[in-house]
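Chemist: got a predicted structure plus its sequence, pasted below:
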Amino acid sequence: MDQRVLMKGNEAIAEAVIQAGCLHFFGYPITPQNEINAYMSKRLPRLGGTYLQAESEIAAVNMLYGAAAAGIRAVTSSSSPGISLKTEGISYMCGADLPGLIINVQRGGPGLGTIQPSQADYFQATKAPGHGDLKILVYAPNTVQEMVDVVFTAFDLSDKYRVPAMLLADGILGQMMEPVQFPDQKPDIPAKPWATNGTKGERAPNIINSLYLVATELEDKVRERFVRYGEIEANHSQAENYLTDDADVLLVAYGASSRVAKRAINAARNQGIKAGMLRPVTLWPFPKKQLEAAAKNAASILTVEMSMGQMVEDVRLALPDRKVQFYGRTGGVIPTPEEILEQIKALGGGVK
Amino acid sequence: MAVVYEKTTGLTDRPLHYCPGCTHGTIHKIVAEAVVELGLQEKTAAVAPVGCSVLAYNYFNMDAVQAAHGRAPAVATGIKRALPDNIVFTYQGDGDLAAIGTAEIVHAASRGENITVIFVNNAIYGMTGGQMAPTTMPGQVTQTSPYGRDTGAAGYPMRVCELLSTLDGVAFAERVAVDTVPNIRKAKKAILKAFQNQVDKKGFSIVEILSTCPTNWGLTPVESLGYLKEKLMPYYPLGVYKDAEKGVRV
């Protein structure tokens, strides 16, 4: 496709997944991501792929595990409560070095919470998406176009490093409509000589496994994996700088809240306050270097989230000598630009 | 000299870790033989469970995937949907299949997922040291039913073949045992059929195999075979519970 089309976020994600060469979807209904399932159920059978509505989120992620073991690109999608159930499968995928994409269109929690949008799964996604020593790639786009773009990157890096990837969206991004353009290129899916797709009499059996009964063997395996994590951290963190060059007040925000923050920054600029924003696109790896550079000349730093303050801990770790303020709304409440502007002003207008 | 018997190429040369008298070894052998005899070894993936047979991936001489506890039918579904012309089987114990994995086995069966399930029922959790399983007999003493399984508190044993045979997606369900040579031969025949069904794309096939656990039953291997016959078989009758082809159904 070489032209822009108007699409709902969830449907754009689904189409991007298909165009990235993934024709196998395993899911379970949950709001606010149902358009993904609906789109996949319409498209995939006609493309010779699989739409499978599983009996549970747990079954769905284990189907993803099986399909990934077989060597194909596969995906599962859910929202916050369902992602909690998927953490078992995510841990096993990490332990067995399987690639694959997990989509989380976040809603408010804890518990059943709300169907309203939220960013309260940051800790889960970046710190403990499953039990054990592990990491997954986490992408947090803030436009429908960027959701499409990161799907391709997420699959490519997941395949390259054999690390699962998560697209961390939220109810706003999933439900909003925006123009979007799909890349005019065929997916470049690497060979997977480790896959359990039958020996064909040409090789020794492949084993996909996360069990190591000898402690030192497991330690070696985990350390080897952390070398790969290190390569990802060194090479694949992404962030957007918005008016950071001369910013006195630096905001740090991602996903939907970064869009609200941007409006507050524009309003602040109109009032003569030099505000700017560092917007992480990858939450793991967290863009520490980009943040350090953006924060260098800023007098004040404010993290804005739709949570009680989760990413702010990574901001503080990246800037240990700086005072980092936080402003958040939670429970499905979206902050207004006016609220954030008040916060910017309260920081003294960024005067050093 | 003519060779009259050889170890199947469907198994690796790794020594099995199973306890003396355990029937997992026999079951591994006949499953591997069935895969080889049908010419499927080069396109088969075994899915290993969590439990005593967790290391099955080291023993079956073919591609293998180790699954989370109870999730083998879901993992097998993922593999099969990715590679419909390949062969996939799960090898699961009673704790794995009939407790934590109940949803996965019921729904794989209900979908008519074209996979083969080898279900080893020895009425106890073996790997973790002999705890009560869903299939533990009324009155049976285990680590977690030290006064014998009290059906008032712990309910009744689950008959998996009977349960699954009510589902339209199931093509074949048979319960066999591996306590005697004739029964082992019958078990192998059932396993061959369960794999042939998959080749013929007939849908979900399960073979439930009554097995022993001398270590955790606290019996000798020979006594265990007696326990299997006298206690398990009356509660879990052998036979074909579903054969869609022949219209057999409980």
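Modeler: Structure's in. What do you need? Computed from a predicted structure; not experimentally measured.

Chemist: element containing the residue in the stretch 51-200 of chain A that chain B sits nearest to, please.
Modeler: Per C-beta to the nearest C-beta, A:G66 is where the stretch 51-200 of chain A lies closest to chain B, at 2.5 Å. Every C-beta, even on glycine, is put in place using the N, C-alpha and C of the backbone. Using DSSP states H and E, A:G66 maps to helix A:57-69.

Chemist: hmm, the longest helix along chain A touching chain B?
Modeler: Longest helix in chain A, counting residues (DSSP state H): helix A:215-235. No: shown here: helix A:215-235 not in contact with chain B (C-beta under 8 Å from any C-beta of the partner chain), separated by at least 13.6 Å.

Chemist: packing partners for that helix?
Modeler: Here helix A:215-235 touches helix A:144-161, going by 3 or more C-beta pairs under 8 Å, 6 or more residues apart in numbering or on different chains; DSSP states H and E.

Chemist: neighbouring contacts of stretch B:126-145?
Modeler: Residues from elsewhere that reach stretch B:126-145 (C-beta atoms under 8 Å, 6 or more residues apart in numbering or on different chains): B:22, B:50-52, B:54, B:93-95, B:98-99, B:121-125, B:147-149, B:151, B:154, B:156-158, B:160, B:213, B:215-218, B:231-232, B:235-236.

Chemist: out of the residues you listed, which end up buried?
Modeler: Neighbour counting by 16 or more other C-beta atoms under 10 Å in any protein chain shown classes B:22, B:50-52, B:54, B:93-95, B:98-99, B:121-125, B:149, B:157-158, B:160, B:213, B:215-217, B:231-232, B:236 among those as buried.

Chemist: where does the stretch 201-350 of chain A have low pLDDT?
Modeler: Low-confidence segments of the stretch 201-350 of chain A, defined by pLDDT under 70: A:348-350.

Chemist: need the residues of the stretch 151-300 of chain A near chain B, please.
Modeler: A:196-201, A:205-211.

Chemist: can stretch A:73-80 be found next to chain B?
Modeler: Yes: interface with chain B: stretch A:73-80 contributes A:A74 (C-beta under 8 Å from any C-beta).

Chemist: please enumerate the helices of chain B.
Modeler: B:24-37, B:56-59, B:72-82, B:94-95, B:102-110, B:151-154, B:160-164, B:181-199, B:214-217, B:221-227, B:233-235.

Chemist: most neighbours per residue, which of the ones you listed?
Modeler: Across those, averaging neighbours per residue (mean count of other C-beta atoms under 10 Å in any protein chain shown) puts helix B:72-82 on top, at a mean of 31.

Chemist: wait, does it contact chain A?
Modeler: Yes: using C-beta under 8 Å from any C-beta, helix B:72-82 reaches chain A at B:A74, B:V75, B:A76, B:T77, B:G78, B:I79, B:K80, B:R81, B:A82.

Chemist: angle of that helix against helix B:181-199?
Modeler: 40 degrees (axes from the mean of the first three to the mean of the last three C-alpha atoms, to 10 degrees).

Chemist: gap between helix B:72-82 and the chain center?
Modeler: Offset of helix B:72-82 from its chain centre (C-alpha atoms, centre = their mean, to the nearest Å): 17 Å.

Chemist: mind giving me the packing neighbours of it?
Modeler: Using 3+ C-beta pairs under 8 Å, 6+ apart: helix B:72-82 touches strand A:24-27, strand A:50-53, helix A:57-69, strand B:44-48, strand B:87-93, helix B:102-110.

Chemist: any chance of those in a markdown table, plus distance to A:A165?
Modeler: A markdown table is the format used below for the helices and strands packed on helix B:72-82 (distance: least, C-beta to C-beta, whole Å):
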| stretch | distance to A:A165 |
| --- | --- |
| strand A:24-27 | 15 |
| strand A:50-53 | 20 |
| helix A:57-69 | 11 |
| strand B:44-48 | 24 |
| strand B:87-93 | 25 |
| helix B:102-110 | 25 |
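
Chemist: compare the ones you listed and give me the one nearest A:R329.
Modeler: Evaluated over the helices and strands packed on helix B:72-82, closeness to A:R329 peaks at helix A:57-69, with 27.1 Å, by C-beta to C-beta.

Chemist: quick check: next helix or strand after the closest one?
Modeler: strand A:74-78.

Chemist: so that next one versus helix A:57-69, what angle?
Modeler: Using the same axes, to 10 degrees, strand A:74-78 lies at 160 degrees relative to helix A:57-69.

Chemist: need the helices and strands packed on helix B:72-82 in JSON lines (columns: distance to A:E219 and mean pLDDT).
Modeler: Output for the helices and strands packed on helix B:72-82, formatted as JSON lines (distance: least, C-beta to C-beta, whole Å; pLDDT from 0 to 100):
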{"stretch": "strand A:24-27", "distance to A:E219": "32", "mean pLDDT": "98"}
{"stretch": "strand A:50-53", "distance to A:E219": "37", "mean pLDDT": "98"}
{"stretch": "helix A:57-69", "distance to A:E219": "23", "mean pLDDT": "98"}
{"stretch": "strand B:44-48", "distance to A:E219": "23", "mean pLDDT": "98"}
{"stretch": "strand B:87-93", "distance to A:E219": "29", "mean pLDDT": "98"}
{"stretch": "helix B:102-110", "distance to A:E219": "31", "mean pLDDT": "98"}
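
Chemist: before we move on, the earlier item: run a quick neighbour tally on the residue of the stretch 51-200 of chain A closest to chain B.
Modeler: 33 (other C-beta atoms under 10 Å in any protein chain shown).

Chemist: quick one: it and B:A76, what's the gap?
Modeler: 6 Å (C-beta to C-beta, to the nearest Å).

Chemist: ditto for A:A239
Modeler: Computed as C-beta to C-beta, the A:A239 to B:A76 distance reads 41 Å.

Chemist: give the contact list for the residue located most distally from the centre of chain A.
Modeler: The outermost residue of chain A relative to its centre, with distances by C-alpha atoms, centre = their mean, is A:G201 at 39.5 Å. A:G201 is in contact with B:E42, counting by C-beta under 8 Å, 6+ apart.

Chemist: secondary structure element holding it?
Modeler: For A:G201, there is no enclosing helix or strand under DSSP H and E.

Chemist: export the helices of chain B to a markdown table and tack on distance to B:G130?
Modeler: Putting the helices of chain B into a markdown table (distance: least, C-beta to C-beta, whole Å) gives the following:
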| stretch | distance to B:G130 |
| --- | --- |
| helix B:24-37 | 15 |
| helix B:56-59 | 20 |
| helix B:72-82 | 22 |
| helix B:94-95 | 11 |
| helix B:102-110 | 21 |
| helix B:151-154 | 15 |
| helix B:160-164 | 20 |
| helix B:181-199 | 24 |
| helix B:214-217 | 3 |
| helix B:221-227 | 13 |
| helix B:233-235 | 19 |
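
Chemist: which stretch among these comes nearest A:P285?
Modeler: Closest to A:P285 of these, according to C-beta to C-beta: helix B:72-82, at 28.0 Å.

Chemist: in chain B, where is pLDDT below threshold?
Modeler: Checking chain B against pLDDT under 70 turns up B:250.

Chemist: got the residues of it near chain A?
Modeler: Residues of chain B lying close to chain A by C-beta under 8 Å from any C-beta are B:41-45, B:47, B:54-55, B:57-58, B:60-68, B:71, B:74-83, B:86, B:103-104, B:106-107.

Chemist: what about the helices in the stretch 251-352 of chain A?
Modeler: Counting by DSSP state H, counting those that start in this stretch, the segments of the stretch 251-352 of chain A that form helices are A:255-270, A:288-295, A:311-318, A:337-346.

Chemist: how about the stretch 1-150 of chain A?
Modeler: A:9-19, A:34-43, A:57-69, A:80-95, A:122-126, A:144-161.

Chemist: tell me the most buried of those?
Modeler: Buried most deeply of the helices of the stretch 1-150 of chain A, by mean count of other C-beta under 10 Å, is helix A:57-69, with a mean of 31.

Chemist: for residue 210, which residues are in contact?
Modeler: The chain I'm using is chain A. A:S91, A:Y92, A:C94, A:G95, A:A96, B:Q66.

Chemist: actually chain B
Modeler: Going by C-beta under 8 Å, 6+ apart, B:L210 touches B:N121, B:N122, B:R175, B:V176, B:A177, B:V178, B:D179, B:L228, B:L232, B:M233, B:Y236, B:L238.
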